[in-house]
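**Student:** Return a 3D structure for these sequence lines:
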Amino acid sequence: MAVPVAFFGLFFGYPVAAIVSRGLREGGRWRFGRFADVLGEPDVLHVLWFTCWQAAASTALTLAIALPGAYVFARFDFRGKQVLRAVVTVPFVLPTVVVGSAFLALLGRGGLLDELWGVRLDTTVWAILLAHVFFNYAVVVRTVGGLWAQLDPRQEEAARVLGAGRLAAWRRVTLPALAPAVAAAALMVFLFTFTSFGVIQILGGPTFSTLEVEIYRETAQLLDLPTAAVLTTVQFAAVAAILAVHAGTVRRRESALRLVDPARTARRPRGAGEWGLLAGVLGVAALLILLPLGVLAERSLHGPDGYGLGYYRALGSVADSGGTFLVAPVAAVWNSLQYAAAATAIALVVGGLAAAALTRRAGRLVRGFDALLMLPLGTSAVTIGFGFLITLDEPPLDLRSSWILVPLAQALVGVPFVVRTMLPVLRAVDDRLREAAAVLGASPLRVWREVDLPLVRRALLVAAGFAFAVSLGEFGATVFIARPDNPTLPVAVARFLGRAGELNHGQAMALSTVLMLVCAGALLALERIRIDRSGEF
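**Tutor:** Predicted coordinates for the structure are as follows:
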């Protein structure tokens with residue numbers, strides 16, 4: 001646990017604590033009265049209310065739309081299932097600025113709905129809710145569907161033989177078993193929407209603001225660190241509470257059920273009702289996920305002179321960026337790939353060691369460490385990025401001009417995915433295999449190399465793929481620390497969207513499409529090597 005604890009302490013705890021300390025201390029004394037001052041402002045109370053309201057509404061809508069999809073992926077076997085599973089996961093690993101761009105192309109001014117029916121939904125709460133469902137659909141499908149696929153269907157069939165109807169059997173047998181997974185998925189969706197940033201900023205306009213957006217505004221635009229520190233502390237406390245409840249639901253799910261091989265539970269649909277359900281889920285996936293992504297790609301090809309590759313060719317020239325970049329925008333693709341590769345390596349080392357420690361130890365301290373590993377997913381990325389700038393600025397850790405600063409921030413987001421992917425597989429390794437190797441004279445390093453590694457190799461590749469995809473799309477912290485001459489893809493997209501002009505908008509769509517295709521390719525590769533379907537991601 002030494003390396004993961006040191007990593008999180010130095011690159012997560014220290015920057016966040018420094019931001020909070022600077023905002024709440026004055027003249028060497030803590031000013032806790034600022035909480036009452038800030039939280040008593042009507043505008044702040046409105047932001048808190050909207051943050052909670054939209055997160056609850058987004059969670060309820062996501063569950064209602066995604067639970068039928070979880071059932072279909074768990075119980076049905078149909079052609080193209082692996083490809084569709086990868087496609088519905090693409091939005092989850094896309095940066096929020098790209099999600100906002102996709103829905104802007106669909107719902108905004110000049111978008112598809114505006115052209116066909118004169119309907120605009122940008123700057124409305126409906127655009128925000130739909131974008132959150134688009135973003136989090138895969139969380140429910142993978143978390144709930146992964147467990148549903150391992151529940152023995154014979155238990156429900158036995159209830160029906162004893163006289164229970166289909167709905168009663170599902171309500172009394174399957175639903176109680178699924179409840180921890182549904183609760184875990186709901187909590188994760190609530191967490192991601194509670195801390196929403198890019199979607200709100202692009203689709204909400206000046207009307208709507210969440211805590212994360214307000215922290216960004218107070219930090220980057222108004223330089224009001226005391227208010228930002230109070231809001232960061234409030235968000236941090238809320239996220240910690242959500243993750244504590246989430247950890248409890250995950251432990252109940254792991255310990256209370258007897259599971260079977262998912263290959264034994266999936267079958268081809270039977271009857272008109274099941275085929276109709278499959279068609280409905282495919283239709284929802286097409287409208288909710290494929291349509292925004294398709295419109296995004298179409299807008300990247302649709303220039304003022306018709307369809308073509310004009311926007312893509314413009315990415316190769318500094319002049320065509322309108323002064324937005326010091327280098328050609330296409331350089332952002334290569335920068336992002338390099339940064340994501342370095343972040344993946346860091347995340348695998350830190351996350352792999354953390355997963356190994358959590359596998360072999362128990363107790364309250366380790367459970368707390370498990371929750372700590374998830375905190376970067378819900379902590380303000382704006383706070384982390386700004387904290388990097390003000391803390392990692394003195395020897396021996398003066399990293400402000402170093403390229404490693406971006407991968408370090410991206411690795412903080414990648415580590416939780418590595419841990420959650422590796423942990424179930426490591427726990428499944430029989431300890432007697434390790435003990436037998438040790439009895440035969442193998443050193444601990446050789447035991448790991450010859451026993452553990454062959455069994456977890458494929459899970460390691462899956463973890464690396466997820467870490468790479470989420471690192472590629474990290475935006476909140478990177479927007480603060482990426483250098484102007486080395487922009488990443490999400491930062492480049494945000495800069496283009498922030499400038500007026502058709503060419504800038506088209507290049508934003510082109511870069512977003514490139515990022516979407518890279519993420520889709522990575523996820524398709526993961527589905528081909530993935531063997532365990534029970535993990536959360």
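
**Student:** any low-confidence regions in the protein?
**Tutor:** The chain contains residues with pLDDT under 70 at 27, 247-263, 319-326, 361-364, 366-368, 527-537.

**Student:** How about the helix ranked longest in it, which residues are buried there?
**Tutor:** For the chain, the helix that runs over the most residues, judged by DSSP state H, is helix 42-75. Buried residues in helix 42-75, counted by 16 or more other C-beta atoms under 10 Å: 44, 47-48, 50-52, 54-55, 58-59, 61-63, 65-67, 69-75. C-beta here means a position set from N, CA and C on the backbone, and glycine is covered the same way.

**Student:** Which is the succeeding secondary structure element to that helix?
**Tutor:** Moving toward the C-terminus from helix 42-75, the first helix or strand encountered (DSSP states H and E) is helix 81-93.

**Student:** So what touches that following helix?
**Tutor:** With contact meaning C-beta atoms under 8 Å, 6 or more residues apart in numbering, helix 81-93 is reached by 69, 73, 99, 134-139, 141-142, 282, 285, 289-290, 293, 466, 469-470, 472-473, 516, 519-520, 522-524, 526-528.

**Student:** by contact count, what packs against the next helix or strand after that helix?
**Tutor:** The element immediately downstream of helix 81-93 (helix or strand, assigned by DSSP H and E) is helix 96-107. If you count contacts as 3 or more C-beta pairs under 8 Å, 6 or more residues apart in numbering; DSSP states H and E, helix 96-107 packs onto helix 112-117, helix 125-148, helix 198-199, helix 291-301, helix 489-497, helix 502-529.

**Student:** quick one: which of the ones you listed is nearest Pro15?
**Tutor:** Nearest to Pro15 among the helices and strands packed on helix 96-107 is helix 489-497; the distance by C-beta to C-beta comes to 19.0 Å.

**Student:** what's in contact with the closest one?
**Tutor:** 95, 97-98, 100-101, 104, 198, 202, 321, 324-325, 329, 332-333, 335-336, 472-475, 478-479, 482, 487, 504-505, 507-508, 511-512, 514-515.

**Student:** same thing with stretch 11-20?
**Tutor:** 225, 228-229, 232-233, 236, 375-376, 379, 383-384, 386-388, 390-392, 408-409, 412.

**Student:** Could you list which of those residues belong to helices?
**Tutor:** Using DSSP H, the contacts of stretch 11-20 in helices are 225, 228-229, 232-233, 236, 375-376, 383-384, 386-388, 390-391, 408-409, 412.

**Student:** Please, a PyMOL command that selects the buried ones among these?
**Tutor:** The following PyMOL line selects those of these that are buried, judged by 16+ other C-beta under 10 Å:
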select buried, resi 225+228+229+232+233+236+375+376+383+384+386+387+388+391+408+409+412
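
**Student:** residues near Ala159, how many?
**Tutor:** 19 (other C-beta atoms under 10 Å).

**Student:** Isn't it up against Leu175?
**Tutor:** No - counting by C-beta atoms under 8 Å, Ala159 stays clear of Leu175, with 11.7 Å between them.

**Student:** Which residue, neighbours along the chain excluded, lies closest to Trp30?
**Tutor:** In this structure, Trp30 finds its nearest non-sequential neighbour in Leu24, 5.8 Å apart by C-beta to C-beta, 6 or more residues apart in numbering.

**Student:** where along the stretch 201-350 of the chain do the helices fall?
**Tutor:** Using DSSP state H, counting those that start in this stretch, the helices of the stretch 201-350 of the chain run over residues 211-216, 225-256, 271-285, 291-301, 310-314, 331-360.

**Student:** Run through the residues that contact Leu291.
**Tutor:** For Leu291, the contacting residues are Leu106, by C-beta under 8 Å, 6+ apart.

**Student:** what about it, distance to Ala181?
**Tutor:** 28 Å (C-beta to C-beta, to the nearest Å).

**Student:** Which residues are in contact with the closest residue to Leu489 other than its chain neighbours?
**Tutor:** The spatial neighbour of Leu489 that comes closest, neighbours along the chain excluded (C-beta to C-beta, 6+ apart), is Ser336 at 4.3 Å. Contacts here follow C-beta under 8 Å, 6+ apart; on that basis Ser336 touches 472, 488-490, 515.

**Student:** and if you look at Val518?
**Tutor:** By C-beta under 8 Å, 6+ apart, the neighbours of Val518 are 337, 472.

**Student:** The nearest residue to Glu212 once chain neighbours are set aside: how many residues sit nearby?
**Tutor:** Leaving out its chain neighbours, the residue that sits closest to Glu212 by C-beta to C-beta, 6+ apart is Phe197, at 4.2 Å. Residues near Phe197, counting by other C-beta under 10 Å, number 22.

**Student:** need the contact list for Phe197.
**Tutor:** Phe197 neighbours (C-beta under 8 Å, 6+ apart): 96, 210, 212-213, 216, 381-382, 475-476.

**Student:** ok, those residues vs Arg499, which is closest?
**Tutor:** Among the contacts of Phe197, and counting by C-beta to C-beta, the member closest to Arg499 is Phe475, at 17.0 Å.

**Student:** Would you confirm that the closest one belongs to a helix?
**Tutor:** No - in this structure, Phe475 is coil, not part of a helix, as judged by DSSP: H, G, I helix; E, B strand; the rest coil.

**Student:** for it, what are its contacts?
**Tutor:** 95-97, 197-198, 381, 490-491, 494.

**Student:** So which of those residues is the closest to Leu440?
**Tutor:** Distances from Leu440 to these, taken by C-beta to C-beta, are shortest for Ala381, at 47.9 Å.

**Student:** burial count for the closest residue to the closest one other than its chain neighbours?
**Tutor:** Once flanking residues are discounted, Ala381 sits nearest to Gly476: 2.6 Å by C-beta to C-beta, 6+ apart. Counted with other C-beta under 10 Å, the neighbours of Gly476 add up to 25.
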